[in-house]
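Student: Build me a model from this:
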Amino acid sequence: MAPLPSPVGHLWRGFAGLRVVADVHGDAAAFIHAIEGALAADMFIIQLGDLTDHGPDSPEVLRRMFALIDEGRGLFILGNHDHKLRRALTGAPVRGQPEGLHRTLAQLDAAPDGEALKARAIEEIGRAPAWVHDGGRLFVHGGFHPGMLHSAPPPDAGERKAQGLMTRALYGQVTGRMRADGFPDRVHDWVDRIPADMVVVCGHDRRSTDGRPYVAEGAQGGRAIFVDCGAGKGGHLAWIDMPAWA
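Tutor: Sure, this is the predicted structure:
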């Protein structure tokens, strides 16, 4: 079966390049810096999900992301924190960390435009793509599965319960066990299933040991680039610049 074309790739037609920004987690100052540099270079911005939680100003991150969408200069991939925020905003029972979801909700409650931001977040998260396949590259928050090369994500991915390919997209590959720190045990066997001449760009896992995006080579010759360097969690915001067309 031939790979499906990206349903959103037309958005960056005519731009000089792409700036792919990792998990922001409420680090508004760093996100603004990434945006300003990209706009100055006429680059379209793809943000890899997890806009909010942990950092000092999640409302401003949402404002900036929504402005990029309105201007036709950016989109964000659905992340697990975005998915959880929408569930919370729609009244679903969710568990959150005091420094994570609870901090974001408190910041939104205190923001002068908080109610408008909540309504817009429900709307935008509900229709954010769970992955974007664009020629020889695939953008996703958590992890890759070969099925993503032949299946477009549901148009209402953010409104749905995560299952099937969406589970891999949001959470990566997990063993079902919990680590000592209370987080799921993650593995990266999926990297070996990336076809040759394919690159998967993702966030979610902070695998870098030197402050730069981490590149993993798979058994079939494909590559994964893990861009998350810990913004909002004691690290810093990272991004990579790529050609507009693969």
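
Student: Arg64 belongs to a strand, doesn't it?
Tutor: No - applying DSSP: H, G, I helix; E, B strand; the rest coil, one finds Arg64 to be helix, outside a strand.

Student: Just list the residues touching it, thanks.
Tutor: Arg64 makes contacts with Ala28, Phe31, Ile32, Ile35, as judged by CB atoms under 8 Å, 6 or more residues apart in numbering. C-betas here are computed from N, CA, C, even on glycine.

Student: close enough to count as contact, the last one and Arg63?
Tutor: No - using CB atoms under 8 Å as the test, Ile35 is too far from Arg63 to be in contact (11.1 Å).

Student: Narrow the contacts of Arg64 to those in strands?
Tutor: Residues of those located in strands (DSSP state E): none.

Student: And the residues you listed, which is closest to Gly172?
Tutor: Using CB to CB, the shortest approach to Gly172 within the contacts of Arg64 belongs to Phe31, at 22.6 Å.

Student: how near is the closest one to Met65?
Tutor: As defined by CB to CB, to the nearest Å, Phe31 lies at a distance of 8 Å from Met65.

Student: Then Ala128?
Tutor: For Ala128, the distance to Met65 - CB to CB - is 10 Å.

Student: between these two, what contacts are shared?
Tutor: Both Ala128 and Met65 are contacted by Phe76, under the criterion CB under 8 Å, 6+ apart.

Student: For Ala111, give its distance to Ile77.
Tutor: Relative to Ile77, Ala111 is positioned 24 Å away (CB to CB).

Student: Asp113 now?
Tutor: Here the criterion is CB to CB. By it, Asp113 lies 24 Å from Ile77.

Student: neighbour-wise, which of these two wins?
Tutor: Here Asp113 and Ile77 are compared on neighbour count by other CB atoms under 10 Å; more neighbours surround Ile77, at 27 against 12.

Student: what number of residues lie near the nearest residue in space to the more buried one that is not next to it in sequence?
Tutor: Of all residues beyond its chain neighbours, the one nearest Ile77 is Gly49 (4.6 Å), with distances taken as CB to CB, 6 or more residues apart in numbering. For Gly49, the number of neighbouring residues by other CB under 10 Å comes to 30.

Student: which ones are touching Phe44?
Tutor: Neighbour list for Phe44: Leu11, Trp12, Phe15, Gly17, Leu18, Arg19, Ala38, Arg73, Gly74, Ala244 [criterion: CB under 8 Å, 6+ apart].

Student: Recalculate using a threshold of 10 Å.
Tutor: Applying CB atoms under 10 Å, 6 or more residues apart in numbering to Phe44 gives the contacts 11-20, 38, 68, 72-75, 242, 244.

Student: Doesn't it lie inside a strand?
Tutor: Yes - Phe44 forms part of a strand when assessed by three-state DSSP.

Student: With adjacent residues omitted, what lies nearest to it?
Tutor: Of all residues apart from its sequence neighbours, Trp12 sits closest to Phe44 (CB to CB, 6+ apart), at 3.6 Å.

Student: In this structure Asp42 contacts Asp241, no?
Tutor: No - with contact taken as CB atoms under 10 Å, Asp42 and Asp241 are classed as non-touching, separated by 11.6 Å.

Student: Which residues are in contact with each of these two?
Tutor: Common contacts of Asp42 and Asp241 (CB under 10 Å, 6+ apart): Ala16, Gly17.

Student: circling back to that earlier point, Ile35 and Arg63: which has the busier surroundings?
Tutor: The neighbour comparison of Ile35 against Arg63 (other CB under 10 Å) goes to Ile35, with 22 against 17.
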